[in-house]
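Colleague: I would like to see how this sequence folds:
(one chain, ligands or ions: 1)
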Amino acid sequence: MNNNKPSYYLTTPIYYVNGEPHLGTAYTTIAADTLARFKRMQGFDVKFLTGLDEHGQKVADNAAAAGVSPKEWCDRLAPKFTDLWQALNISNDDFIRTTEERHTRAVQRFYEAMQEGGYLRKDTYKGWYCVHEETFYTDEELHQAGHADDHLCPDCGRPLEFDEEENLFFKLSEFEQPLLDFYAAHSDFIQPETRRNEVLSFVKGGLKDLSVSRTSFDWGVPIPFAEGHVSYVWFDALINYLTAVGYGDPDSQAAAEFARRWPAQVHFVGKDIIRFHCVIWPAMLMAAGLPVPERVFAHGFLLTKGEKMSKSRGNAMSPTDLCALLGGGLLPDGSLPPAGVDAYRYYFLSDVQFGADGQISLERMLQVYNADLANSWGNLVSRVLSMTKKYFEGKVPETAVGIDNSLAQIAAGLYDKVSQAMDAIDYSGACAAVMELVDAANGYIENEAPWALAKAGDAAKLAQVMYALLESVRLIALYFAAIMPSTSADVWGRLDLSDVTKADLKAESAWGLLPAGNQTKVGQPLFQRLKESDVL
Ligand code: MSP
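Modeller: Below you'll find the model as predicted:
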């Protein structure tokens with residue numbers, strides 16, 4: 001921990017352990033990872049949290065169906081998530097599981113705080129519950145959704161269960177105006193704008209008190225002052241964001257950590273769980289006397305419907321299958337090819353506008369891969385390094401480093417452009433900004449024709465041109481490092497530079513920092529060109 005640097009705390013949702021991780025959960029996780037990496041390179045003391053939501057009826061039911069205890073079920077599935085995150089180069093600083101002791105303590109402390117504030121009351125809950133969504137529905141909501149007679153879940157369409165039990169209720173209805181005031185004072189809290197409007201109209205429609213404990217089953221955190229009650233899984237889950245930064249831990253260091261880290265800078269969520277994060281969560285925090293996070297960013301869904309993902313496998317491709325396909329197969333030790341992982345990350349971040357739904361397909365993935373990565377960025381690296389080898393025995397040439405060339409001019413504006421896009425969580429915008437320099441550098445090779453300069457014996461000009469190209473390659477890898485960490489590190493290695501993922505982005509963004517005399521290496525193509533038959 002470095003206390004001199006400002007804290008930047010960001011989170012993904014904690015995923016249910018009711019199945020294996022998939023394209024959707026990987027999407028949220030990669031997106032959060034990219035911002036975490038970028039903020040570290042900007043000098044922030046980042047805490048990037050992800051983890052698992054292990055309580056609730058759904059998990060208990062799945063475990064029972066598999067004939068194991070809920071804890072055994074969670075322990076069996078947890079490595080599927082941690083292994084995939086490692087394979088996808090996810091740089092989380094913590095991995096929380098809601099069955100951990102630290103979390104039980106935090107949840108209990110939080111319920112006590114709500115109780116002390118007078119925000120809980122006992123009542124009988126009579127109504128409908130969807131186990132899959134872990135959500136309650138009132139008769140009125142079912143009526144509005146056209147499910148008053150069939151009692152199907154308005155969100156997932158599965159049959160609802162009728163519940164009648166004594167519960168603790170959270171007085172959510174008291175937070176209607178405080179929430180509206182909060183949204184008005186913090187216009188950036190809910191992003192993108194469409195989600196903000198959706199939340200505002202929901203809250204303006206009126207809020208009802210919410211059942212926040214269960215007495216009919218016990219796979220949850222026991223509520224200390226209410227015998228036989230366990231926490232409602234969504235309350236339990238949301239509190240994870242506090243647990244991970246020391247909430248409820250009596251240790252004084254934990255208290256200092258909490259003061260420094262909370263409130264979080266951004267919660268990444270899918271649009272399906274926006275109400276929990278933008279209505280219930282801030283109200284809970286207000287009830288417990290805690291500050292509300294700065295921003296909740298809701299991304300859209302990845303859609304494959306109506307499009308084939310794979311001729312042979314339907315659209316059920318796993319993240320690892322796709323990384324292997326893009327990277328030309330698994331490595332001999334069975335691990336994923338790093339370039340395939342980077343290509344996978346790049347595709348989802350560059351081609352799907354973050355915040356909107358995205359149609360994804362293998363055809364499109366192949367197109368983006370070949371156009372942007374194999375033919376543009378990868379090809380640039382190969383050409384520049386090969387020419388450096390040919391004309392300068394691989395050494396970065398000595399030259400007067402002017403900024404009077406078109407590449408330096410594009411590079412000069414890049415730090416601001418990319419940072420602004422990243423701060424707005426506009427990954428496609430950030431990728432497009434970096435690709436501008438890639439395209440310009442490829443164009444520069446054609447225009448300046450280093451081979452002609454070599455032939456004409458114009459050594460001074462050749463050195464200038466090659467230096468500008470090498471410097472562009474250094475900067476492109478720098479800006480791509482948060483999105484494609486492995487290939488960027490590879491490129492910096494070939495330029496005889498240190499680990500780019502640990503670089504100080506702002507300091508390194510200046511033009512002309514590549515030291516003359518560095519011994520470069522050509523290496524293998526960064527991204528092998530793929531044929532349709534390799535993928536489809
Ligand atoms: N456990 C709750 C979250 C609690 S957070 C305090 C949960 N878990 S989940 O396993 O269902 O994961 C939901 C998240 O996965 C979504 O919010 C979204 O981030 C991601 N996605 C799941 N399917 C998706 C798509 N098809 N497309 C994009 N992302 C989706 O809800």
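Colleague: distance-wise, check residue 103 relative to residue 249.
Modeller: Distance, residue 103 to residue 249, by Cβ to Cβ, to the nearest Å: 11 Å. To be clear about C-beta, it is placed using only N, CA and C from the backbone, and glycine gets the same treatment.
Colleague: neighbour count: those two, which is higher?
Modeller: Of the pair residue 103 and residue 249, residue 103 is the one with more neighbours under other Cβ atoms under 10 Å, namely 26 against 17.
Colleague: what's the more buried one in contact with, if anything?
Modeller: Residue 103 makes contact with 96, 97, 221, 236, 239, 240, 243, according to Cβ atoms under 8 Å, 6 or more residues apart in numbering.
Colleague: which other residues reach the strand or helix carrying residue 86?
Modeller: In this assignment (DSSP states H and E), residue 86 forms part of helix 70-87. Outside helix 70-87, the residues within contact range by Cβ under 8 Å, 6+ apart are 15, 17, 19-21, 25-26, 29, 50, 52, 54-55, 59-60, 62-63, 66, 68, 92, 95, 97, 99, 219, 319-320, 323, 335-336, 341.
Colleague: show me where pLDDT drops low in this structure?
Modeller: Along the chain, the model assigns pLDDT under 70 to residues 1-3, 305-316, 402-404.
Colleague: and with 80 instead?
Modeller: 1-3, 305-317, 400-404, 535-536 (pLDDT under 80).
Colleague: strands of that one, start to end?
Modeller: When secondary structure is read from DSSP state E, the chain shows strands at 7-16, 45-53, 94-97, 120-130, 135-137, 161-170, 190-191, 210-211, 213-214, 230-231, 266-270, 296-299, 302-303, 358-359.
Colleague: quick one, which of those strands is nearest to the ligand?
Modeller: Between the ligand and these, the shortest separation by Cβ to the nearest ligand atom is 2.5 Å, and it involves strand 266-270.
Colleague: so what pairs up with residue 169 in the strands?
Modeller: The partner list for residue 169 in beta bridges (DSSP bridges) reads residue 121, residue 211.
Colleague: wait, isn't it in contact with residue 120?
Modeller: Yes - using Cβ atoms under 8 Å, residue 169 is in contact with residue 120, at 6.8 Å.
Colleague: which one of the two is surrounded by more residues?
Modeller: Summary of the neighbour comparison: residue 169 and residue 120, criterion other Cβ under 10 Å, with residue 120 having more neighbours (22 against 19).
Colleague: contacting residues around the more buried one?
Modeller: Neighbouring residues of residue 120 by Cβ under 8 Å, 6+ apart: 111, 114, 168, 169, 170, 171, 212.
Colleague: try 6 Å this time
Modeller: If a contact means Cβ atoms under 6 Å, 6 or more residues apart in numbering, then residue 120 has 114, 168 as its contacts.
Colleague: residue 374 now?
Modeller: Applying Cβ under 6 Å, 6+ apart, the residues contacting residue 374 are 527, 529.
Colleague: need the residues of the protein near the ligand, please.
Modeller: In this structure, the chain approaches the ligand at residues 13-16, 24-25, 27-28, 53, 237-238, 269-270, 272-273, 301-302, judged by Cβ under 6 Å from any ligand atom.
Colleague: can you do 5 Å?
Modeller: Counting by Cβ under 5 Å from any ligand atom, the positions of the chain adjacent to the ligand are 13-16, 24-25, 27-28, 53, 237-238, 270, 273, 301-302.
Colleague: please pick the buried ones from those residues.
Modeller: Among those, those that count as buried by neighbour count (16 or more other Cβ atoms under 10 Å) are 13-16, 25, 27-28, 53, 237-238, 270, 273, 302.
Colleague: what's the burial count for the spatially closest residue to residue 465 that is not a sequence neighbour?
Modeller: On the basis of Cβ to Cβ, 6 or more residues apart in numbering, the spatially nearest residue to residue 465 that is not a chain neighbour turns out to be residue 448, at 4.6 Å. When counting by other Cβ under 10 Å, one arrives at 20 neighbours for residue 448.
Colleague: now render the buried ones among the residues of the chain next to the ligand as JSON lines, adding distance to residue 440.
Modeller: Below are those laid out as JSON lines (distance: Cβ to Cβ, whole Å):
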{"residue": "13", "distance to residue 440": "39"}
{"residue": "14", "distance to residue 440": "42"}
{"residue": "15", "distance to residue 440": "40"}
{"residue": "16", "distance to residue 440": "45"}
{"residue": "25", "distance to residue 440": "36"}
{"residue": "27", "distance to residue 440": "30"}
{"residue": "28", "distance to residue 440": "33"}
{"residue": "53", "distance to residue 440": "46"}
{"residue": "237", "distance to residue 440": "46"}
{"residue": "238", "distance to residue 440": "46"}
{"residue": "270", "distance to residue 440": "36"}
{"residue": "273", "distance to residue 440": "41"}
{"residue": "302", "distance to residue 440": "31"}
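Colleague: quick one on the thing from earlier: give me the angle between the helix holding residue 86 and strand 7-16.
Modeller: Helix 70-87 and strand 7-16 are oriented at 130 degrees to each other (axes from the mean of the first three to the mean of the last three Cα atoms, to 10 degrees).
Colleague: just the CA atoms of helix 70-87, as CSV, please.
Modeller: Backbone C-alpha positions of helix 70-87 (Å, rounded to 0.1, in the frame of the first residue of the first chain) are rendered in CSV as follows:
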residue,chain,number,x,y,z
PRO,A,70,-23.6,-25.3,-0.2
LYS,A,71,-20.1,-24.6,1.0
GLU,A,72,-18.7,-27.7,-0.9
TRP,A,73,-20.5,-26.5,-4.0
CYS,A,74,-19.0,-23.1,-3.7
ASP,A,75,-15.5,-24.5,-3.1
ARG,A,76,-15.9,-26.7,-6.1
LEU,A,77,-16.9,-23.8,-8.4
ALA,A,78,-14.7,-21.0,-7.1
PRO,A,79,-11.5,-22.1,-8.9
LYS,A,80,-13.3,-22.0,-12.2
PHE,A,81,-13.6,-18.2,-11.7
THR,A,82,-10.1,-17.6,-10.3
ASP,A,83,-8.5,-19.8,-13.0
LEU,A,84,-10.3,-18.0,-15.8
TRP,A,85,-9.5,-14.6,-14.4
GLN,A,86,-5.8,-15.5,-14.2
ALA,A,87,-5.9,-16.9,-17.8
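Colleague: count of neighbours near residue 66?
Modeller: Taking other Cβ under 10 Å as the neighbour definition, residue 66 ends up with a count of 12.
Colleague: just list the residues touching it, thanks.
Modeller: Contact criterion Cβ under 6 Å, 6+ apart gives no residues in contact with residue 66.
Colleague: go again with 10 Å.
Modeller: Contact criterion Cβ atoms under 10 Å, 6 or more residues apart in numbering gives 72, 73, 76, 77 as the residues in contact with residue 66.
Colleague: try residue 294
Modeller: With contacts taken as Cβ under 10 Å, 6+ apart, residue 294 has the following neighbours: 9, 10, 186, 188, 189, 263, 264, 265, 266, 267.
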